[in-house]
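Engineer: got a predicted structure plus its sequence, pasted below:
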Amino acid sequence: MNRRNYSLLGGVAALALVAGLLGCASTHAPKPAAATHRDPTALTVLAEADLKRGDCRGASENYAQAAADGDVQLARRATQVAMACEHLPAAWAAATRWRSLAPTDREANALYAAVALKLYRTADARAAINDFWRAEEQVAGNATPASPADGSAPGSSLPGRTRTQQQRAAKSMGELTALLLEESDAPAVLAAMSGALEPTASSPDTFTLLGELALAGYDGQRAQGYAQRALQLDPKDLAALRVLARAYVMRGDAPQAVATARRAQADDATRGGFELAEILASLDRSEEAHQQLELLRAGGAPQAEVNRRLALLAFNSGDMKEARQRFTELLSNGEGNDAAQLYLADIAARDGDPEGAIAAYRRLYDSSVALSARSRAAALLLDRSARTEALALLDDYAADHPEDELDLTLAKARLLADHGEADEGLALLSSALERHPQHPSIEYDRAVILEQSGHVHESVEALERMLTERPDDPTLQNALGYTLADHTLELAHAEVLIRRALTVMPDNPAAIDSLGWVQFRKGDARGAATTLAHAYSLGHDPEIAAHWGEALWVGGQQAEARRVFAAALARQPDSKPLKATIKRLIPDAQ
């Protein structure tokens, strides 16, 4: 199954979750709620006892039941507990109650929208976002405007309110967007946010925010439109120019992308210059990007930033020798951080030095990148059949960080499945569903592992069942379409599903890859190669390269296929799907 996730994963301002609440998110077996009555006080006592005992499901359900007849504060607490415990039915009940009691409360609307999107209730989320937005506009409108430095009347350039007031409202909406992206995929967030904001949007910040969401949702045309509307209001808005340049990259218009980045550079030599380097790198013009960064260095740009970007450029280009040297220099100069050390560990793993990689990861087990370091080390240990040590890395972290229990469970299930222990992975997910009923991430991963372990029809049935509950979810449409295509099942239906997904996220490389793969399965190798080339230009995913190379090979373009395989291996030498495809097509390849 095509399990690549192209959602934006960013930092999130958690608007409501209480510090320390998640001590309940342990792996204790859930118990049925003991209460059969609806006395809010008694149910609250039971819920708090559940939290202390480590029964997250019991706490969520008792709190939700208490909130049904409780006040605003009880509904708020119930929502927070259920969201922290990832108990979506309880979270939905509690959030609905909270919003009904406090319809203009910003926090209530924010968390209601977050739960709604997680359940793919887009219309409900849009309504809550709209109420949140109206409250923000009211706050901005009531704020006392400061006098502009040029002596003009406050708000003279933007009717109705000052630029500062608009920026304040946009910042709050950005925080809400970050929360929503933590809970759901970018296309769903875009659908809800655009429906709420676009009708009354009047500031470049709001249009830029929507443009960034469109980029995250892989809709370059919409991103371009939003950025252009922002630039009509402020032609020198650097954030809008950034969105516009990336939209052109996504749409395959390299000349316009570079021209837009140069326009940003003309307005701001340093920040715009870094943007130009980013655009050149994204267009696979690595040497030009390198030259641009050296020009910035010569022009007095911050040395540490130039060095960091040069290191990343080398890594992403597949030049591990240069990347290692540059990341090492960053650390030696005191300019590095945990991320730089993680890259060095990854480079050791790619270079076939598992011992060195594990040692490097070990130094990061209690760092800001601990979960990534432990997961990658665990994968290497599983490769060496050190199962007990591998799983202990994740279990130990879970004991100290119960708030990450669900993510750790999903990571462990995937690792086990990737190393031939799919049944154990499925058992973990079944147990997780007991603690987190109807959780879409668990259900999706279960379908992935079912397919991976050869239970294709069960996987298809699971995806079809999820689609009946979320019929417009493009991620599910693509996943089901790809699974059918990969096993040469119902190819016409598979193509319909994939094309439906592409109407929502037209520039998503995973969905474009799926379309190319269904073309290949239908016998159109040459047409598939063209589609897959486009997908790889957007995503540089090794699995896409494997598909592209195979389509070229079958279509009689063996020399070009070898070139594609070689370039992709240089970027991702440890990709199992890529190496398996090469071995199958070119048995004597080194």
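Structural biologist: Cool, got the structure. Residues are numbered from 1 along each chain as shown.

Engineer: wait, Arg363 touches Ala340, no?
Structural biologist: No. In this structure, Arg363 is not within contact of Ala340 by CB atoms under 8 Å, at 11.9 Å. Backbone N, C-alpha and C define where each C-beta goes, glycine included.

Engineer: which residue of these two possesses the greater neighbour count?
Structural biologist: Each of Arg363 and Ala340 has its neighbours counted (other CB atoms under 10 Å); Ala340 has more, 19 against 14.

Engineer: which elements pack onto the helix or strand encompassing the more buried one?
Structural biologist: Here Ala340, judged by DSSP states H and E, is contained in helix 338-350. Secondary-structure packing of helix 338-350 (3 or more CB pairs under 8 Å, 6 or more residues apart in numbering; DSSP states H and E): helix 303-317, helix 320-332, helix 354-362, helix 370-383.

Engineer: of these, which approaches Leu176 most closely?
Structural biologist: Checking those against Leu176 by CB to CB gives helix 370-383 as the closest, at 25.1 Å.

Engineer: show residues contacting the next helix or strand after that closest one.
Structural biologist: Of the helices and strands lying after helix 370-383 in sequence (DSSP H and E), the nearest is helix 387-400. Outside helix 387-400, the residues that touch it by CB atoms under 8 Å, 6 or more residues apart in numbering are 27, 365, 370-371, 374-375, 377-379, 381-382, 404-405, 408, 411-412, 415.

Engineer: ok, now stretch 122-137?
Structural biologist: 99, 103-104, 106, 109-110, 112-114, 116-117, 169, 172-173, 176, 180, 188, 191-193, 195-197, 200, 472.

Engineer: which members of those residues occur in helices, if any?
Structural biologist: Using DSSP state H, the subset of these located in helices is 99, 106, 109-110, 112-114, 116-117, 169, 172-173, 176, 180, 188, 191-193, 195-197.

Engineer: on that earlier part again, which of the contacts of stretch 122-137 are buried?
Structural biologist: Buried subset of the contacts of stretch 122-137 (neighbour count, 16 or more other CB atoms under 10 Å): 99, 106, 109-110, 112-114, 116-117, 169, 172-173, 176, 180, 188, 191-193, 195-197.

Engineer: Ala66 touches Thr79, doesn't it?
Structural biologist: No. If you go by CB under 8 Å, Ala66 and Thr79 don't touch, sitting 11.8 Å apart.

Engineer: these two: which is more packed in?
Structural biologist: Neighbours around Ala66 and Thr79, counted as other CB under 10 Å, are more numerous at Thr79. The numbers are 32 against 26.

Engineer: which residues does the more buried one contact?
Structural biologist: 16, 67, 91, 94-95, 98, 108, 111-112, 115.

Engineer: so how do I select the buried members of those residues in PyMOL?
Structural biologist: To isolate the buried subset of the contacts of Thr79 in PyMOL, counting by 16+ other CB under 10 Å, use the following:
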select buried, resi 16+67+91+94+95+98+108+111+112+115
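
Engineer: and the furthest pair within the contacts of Thr79?
Structural biologist: The widest separation within these (CB to CB) is 14.4 Å, between Ala16 and Ala67.

Engineer: quick check: Thr451 vs Ala462, distance?
Structural biologist: Let me fix one detail, which is that residue 451 is Glu and not Thr. 9 Å (CB to CB, to the nearest Å).

Engineer: so which of those two has more stuff around it?
Structural biologist: Glu451 (25 against 20).

Engineer: apart from its neighbours in sequence, what residue is nearest the more buried one?
Structural biologist: Ser459 (3.7 Å; CB to CB, 6 or more residues apart in numbering).

Engineer: where along this protein do the strands fall?
Structural biologist: Shown for the chain, no strands are assigned by DSSP state E.

Engineer: can you list the low-confidence ranges for it?
Structural biologist: 1-37, 139-163, 590 (pLDDT under 70).

Engineer: quick check, the residue nearest to Glu451 in contact with Thr483.
Structural biologist: Yes. Using CB under 8 Å, Ser459 is in contact with Thr483, at 6.1 Å.

Engineer: need the helices for the stretch 1-150 of the chain, in chain order.
Structural biologist: Remark: helices assigned in the stretch 1-150 of the chain by DSSP state H, counting those that start in this stretch are 40-53, 56-67, 72-84, 88-101, 106-118, 122-142.

Engineer: what angle sits between the second one and helix 40-53?
Structural biologist: Relative orientation of helix 56-67 and helix 40-53, computed by axes from the mean of the first three to the mean of the last three CA atoms, to 10 degrees: 160 degrees.

Engineer: next, the angle helix 72-84 makes with helix 56-67.
Structural biologist: Going by the same axes, to 10 degrees, helix 56-67 makes 160 degrees with helix 72-84.

Engineer: number of nearby residues for Leu313?
Structural biologist: For Leu313, using other CB under 10 Å, the count is 23.
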